[in-house]
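Colleague: Fold the following for me, if possible:
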Amino acid sequence: MDISKFISGNYLSQYQYQSFQPTKINLEWIISQPDINTLLEEANLKIGSLDAFSLIVPDVGTFIKMHMVKEATKSSRIEGTQTQIEDAVLKERDINPEKKDDWQEVQNYIEAMSFAIGKLDELPLSNRLLRQTHETLLKGVRGKHKQPGEFRKSQNWIGGTSLKDAVFIPPVQNEVADLMSDLEKFLNNETINVPHLIRIAIAHYQFETIHPFLDGNGRLGRLLITLYLVKQNILHKPTLYLSDFFEKHKGLYYDNLMLVRKNNDLTQWIKFFLVAVIETAQSGSNTFRDVLSLREDIEGKRIIRLGRKLPLAKELLFYLYKKPVVTALDVEEDLKISKPTANAILKNFQQIGILKEQTGYKRNRIFIFEEYLRLFER
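Modeller: Numbers count the residues shown, from 1 in each chain. Below you'll find the model as predicted:
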C-alpha cells in the first residue's frame, strides 16, 4: 500500500449516528515521497544519538525516571489534568487535597509505564499487555468505572457532549476486537518491510482511531510509541516520549489525526510524527548533555566544600536526581537519618546553591533542586 493512496475508511450508519470504520493496516507500506524519506533519515539519526546517551550516562535509570515523570505529566495534561512536574515528584501527603485526583492520575501513568516496560522482557507487544497496562492506568482514578483492562462494550465518541454533537465517533464496539487484532499483527509482523518509525506512526494513528477503551486511549496510545521502540531495540532504554511535543502542538496533533480520517491524508500525519521524533530526540539529547554538565559542576566543585559531610551529601544528591522536590521529612525517612541531620544537610545544600526553599514557611518547608528540574521542563 502506497501511503499516498491510502483510504482511511468509511462511515457506517448506526442508530441516530454514523461511526467510522477504519481500514485495516496490517499491510506492506510503500513510501514514495522524498520529503518523508528525508525526515525519516533525520529522525533515525536523532534517535541513534539519544540512545547513545542512554548507554554512556552513569546511573542512567535515575534520569530516565525523570523523563518518565515528564511524560506522565505532559500526556495527562493533554487529557486535561493540571499537575506540574514539581507536583508529580511530591509524595501524596504533601499534595494539596484539591490537586490529589490529578496527581494520582499522573502516578498511575508512571506506574503503568514502568509495568509495561518491565513486561516487555516476557510478553510481546500485544493486546494482552495493553489491556494489563490500561488496568493499571485507571486503577482508583476517575476512569475506574470505565472497564479498566477491557476493550469497550459500548460506543464512545471524541469531542462534544454526546453522540449527537461529537467531533468524531470511532468504530462500533463490535468491531473493536477484530481491528485491535489487526493492529497487534501489524506491530509484530516480521514478513513485511516497513520502517519502524513509519510503522509506529501508522499504529498510533490507528489506535487512536479505534479508541478501543472507554477512557485512557490518548495516554495509552502515546505510551505505545515508546513501548514499540524499546521492544524493537530502536531504543535500549525508554528515553523517547512524544507527549511534550504533542502537548505544545495539541491543536496540530488532533488536526493531523483527523486529516487522515477525513481526507485520507496519512502523509501529513507521518510528516508531523517524524518532526515530533526529531525535535523530541534532539531535546532529550540536550537534556542528557546538560545533566552531565550539571553533575560535573555539582559533584566536582560544590559538594566537596562540605568536607566530612561529603558521603551524606553524595547520598542526598543521588536522591535528589530521582526526587528533585523534597521535604525534611522525606530526607529523614528515605535516607534514614535523624531530623537534625536532615535539616542540617538541607541547609548546607541551600548554602552551596543546590536547593531553594520555595514556601517561605518556617515549618512544612519544601525544597526544590531547581536548576536540575528545569532541564526537564524546557
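Colleague: For the closest residue to L12 other than its chain neighbours, give me its contacts.
Modeller: Leaving aside its chain neighbours, L12 sits nearest to Q21 (5.1 Å; criterion: Cβ to Cβ, 6 or more residues apart in numbering). C-beta: built from backbone N, CA, C; applies to glycine. Listed by Cβ atoms under 8 Å, 6 or more residues apart in numbering, the contact set of Q21 reads 9-12, 171-172, 175.
Colleague: ditto for V172
Modeller: Contact analysis of V172 by Cβ under 8 Å, 6+ apart lists 12, 14, 19, 21, 155.
Colleague: Wait, the third one touches L12, no?
Modeller: Yes - taking Cβ atoms under 8 Å as the definition, S19 is a contact partner of L12 at 5.5 Å.
Colleague: When the two are compared, which one has more neighbours?
Modeller: Neighbour comparison, S19 and L12: the larger count goes to S19, with 21 against 14 (by other Cβ atoms under 10 Å).
Colleague: still on that earlier bit, okay, and the beta partners of the residue nearest to L12?
Modeller: Applying DSSP bridges to Q21 yields these beta-bridge partners: N10.
Colleague: pLDDT (mean, whole number) over the biggest helix by length in the chain?
Modeller: Longest helix in the chain by number of residues (criterion: DSSP state H): helix 266-297. Throughout helix 266-297, pLDDT has a mean value of 95.
Colleague: Quick check: chain neighbours aside, which residue is closest to K231?
Modeller: Spatial nearest neighbour of K231, chain neighbours left out: L125 (4.8 Å); criterion: Cβ to Cβ, 6+ apart.
Colleague: quick one, what contacts that neighbour?
Modeller: Neighbouring residues of L125 by Cβ under 8 Å, 6+ apart: 184, 187-188, 224, 227-228, 231.
Colleague: just checking, what packs against the helix or strand containing D101?
Modeller: Using DSSP states H and E, D101 sits in helix 100-119. On a contact count with 3 or more Cβ pairs under 8 Å, 6 or more residues apart in numbering; DSSP states H and E, helix 100-119 meets helix 60-78, helix 85-88, helix 127-137, helix 217-231.
Colleague: tell me the residue furthest from the middle of the protein?
Modeller: Residue farthest from the centre of the chain, counting by Cα atoms, centre = their mean, is R308 at 40.6 Å.
Colleague: In stretch 324-334, which residues are buried?
Modeller: Buried residues in stretch 324-334, defined by neighbour count with 16 or more other Cβ atoms under 10 Å: 324-328, 330-332, 334.
Colleague: pretty sure V275 contacts L39?
Modeller: Yes - at 6.7 Å, V275 counts as touching L39 under the criterion of Cβ under 8 Å.
Colleague: Pick out the residue nearest the middle of the protein.
Modeller: Centroid-nearest residue in the chain: E71, 3.4 Å away (criterion: Cα atoms, centre = their mean).
Colleague: mind listing what it touches?
Modeller: Counting by Cβ under 8 Å, 6+ apart, E71 touches 109, 113, 222-223, 226, 241, 243-244.
Colleague: Please repeat the previous calculation with a cut-off of 6 Å.
Modeller: E71 makes contact with 241, 243, according to Cβ atoms under 6 Å, 6 or more residues apart in numbering.
Colleague: Right, I'll leave it there.
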